[in-house]
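In: only the shape, not the letters, is given here:
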């Protein structure tokens, strides 16, 4: 335990927990403190001035990170016939129809993201209780119910990240790895923040983005000055 305490002190050294850092400085601090024996994920959390219990204050969407996520995403596609072949050609890991629905109902979920053609939704709709709580239910609003399965597979593999606000008004996502260079992380963080801003719901009143913090898997959170997140900053 002593080693854990020492390590924690080391990664927090020189970090002001109450200061709002500019994005560039925050990314540098995170990268410098990512000392784990694996490539840590860098995550952004944004506290929003919304109450997602109200339909007109729900925030959700998808963003294509310009530099990818750095993680391997396994994609399942619910499709038949030509669309199934298109999905396979685009690099989908699992493709199927009734048999895939049965496998998922049986608890066999060997994928991170799933896509469906519109005609498959009556079947896939049965999986709401299984996929819904995991945030994996295909949805046309985020491009995972689409006739363009090839495009959706490529987007998922290339760095498409879904986001959805949680009960406490927080939206968060992994936006890269600590091994990414600082510029790539900054570009990804800005793209994510921009997508969340564009997803501002009609019912949001007052300050929309209240707080923003970035962290790595094992590192401390670093607060970011929201004004430094715009593309012009």
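Out: Arrived safely, thanks for sending. All values derive from a computational prediction rather than experimental measurement.

In: could you find the closest non-adjacent residue to residue 80?
Out: Counting by Cβ to Cβ, 6 or more residues apart in numbering, residue 97 is the residue found nearest to residue 80 once chain neighbours are left out, at 5.0 Å. Just so you know, the C-beta spots here come from the backbone N, C-alpha and C atoms, and that holds for glycine as well.

In: list the residues that contact the one you found.
Out: With Cβ atoms under 8 Å, 6 or more residues apart in numbering as the criterion, the residues that contact residue 97 are 78-80, 84, 120, 123.

In: show me the longest helix that occurs in the protein.
Out: As assigned by DSSP state H, the longest helix anywhere in the chain is helix 182-198.

In: chain center to that helix, what's the gap?
Out: Average the C-alpha atoms of helix 182-198, do the same for its chain, and the two points are 12 Å apart (Cα atoms, centre = their mean, to the nearest Å).

In: give the other helices and strands that it contacts.
Out: With contacts defined as 3 or more Cβ pairs under 8 Å, 6 or more residues apart in numbering; DSSP states H and E, helix 182-198 has these neighbours: helix 23-33, strand 41-48, strand 60-64, strand 160-164, strand 170-177, strand 209-216.

In: can we see that at 7 Å?
Out: helix 23-33, strand 41-48, strand 60-64, strand 170-177 (3 or more Cβ pairs under 7 Å, 6 or more residues apart in numbering; DSSP states H and E).

In: and the longest one, what's its mean pLDDT?
Out: Model confidence over helix 23-33 averages 93 on the pLDDT scale.

In: could you give the angle of that helix to helix 182-198?
Out: Counting by axes from the mean of the first three to the mean of the last three Cα atoms, to 10 degrees, helix 23-33 points 120 degrees away from the direction of helix 182-198.

In: next, the buried residues of helix 23-33.
Out: By 16 or more other Cβ atoms under 10 Å, the buried positions in helix 23-33 come out as 23, 26-31, 33.

In: how about stretch 83-92?
Out: Buried-residue list, stretch 83-92, by 16+ other Cβ under 10 Å: 83-84, 86-88, 90, 92.

In: Three-state assignment for residue 126, please.
Out: Secondary structure for residue 126, judged by DSSP: H, G, I helix; E, B strand; the rest coil, is helix.

In: how much space between it and residue 81?
Out: In this structure, residue 126 lies at 21 Å from residue 81, with Cβ to Cβ, to the nearest Å as the measure.

In: between those two, which one's more packed in?
Out: When neighbours are counted by other Cβ atoms under 10 Å, residue 126 and residue 81 differ, and residue 126 comes out ahead with 13 against 10.

In: who's in contact with that one?
Out: For residue 126, the residues meeting the contact criterion (Cβ atoms under 7 Å, 6 or more residues apart in numbering) are residue 101.

In: if we use 8 Å, what do you get?
Out: Contacts here follow Cβ under 8 Å, 6+ apart; on that basis residue 126 touches 101, 105.

In: do the same with the one 5 residues further on
Out: Residues touching residue 131, when contacts are defined by Cβ under 8 Å, 6+ apart, comprise 104, 109, 114, 137-138.

In: redo that, cut-off 6 Å
Out: Residues in contact with residue 131, defined by Cβ atoms under 6 Å, 6 or more residues apart in numbering, are residue 137.

In: likewise residue 159?
Out: Residues near residue 159 by Cβ under 6 Å, 6+ apart: 64-65, 68-69.

In: need those residues in JSON lines (columns: pLDDT).
Out: Written out in JSON lines, the entries for these read as follows (pLDDT from 0 to 100):
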{"residue": "64", "pLDDT": "87"}
{"residue": "65", "pLDDT": "91"}
{"residue": "68", "pLDDT": "88"}
{"residue": "69", "pLDDT": "88"}
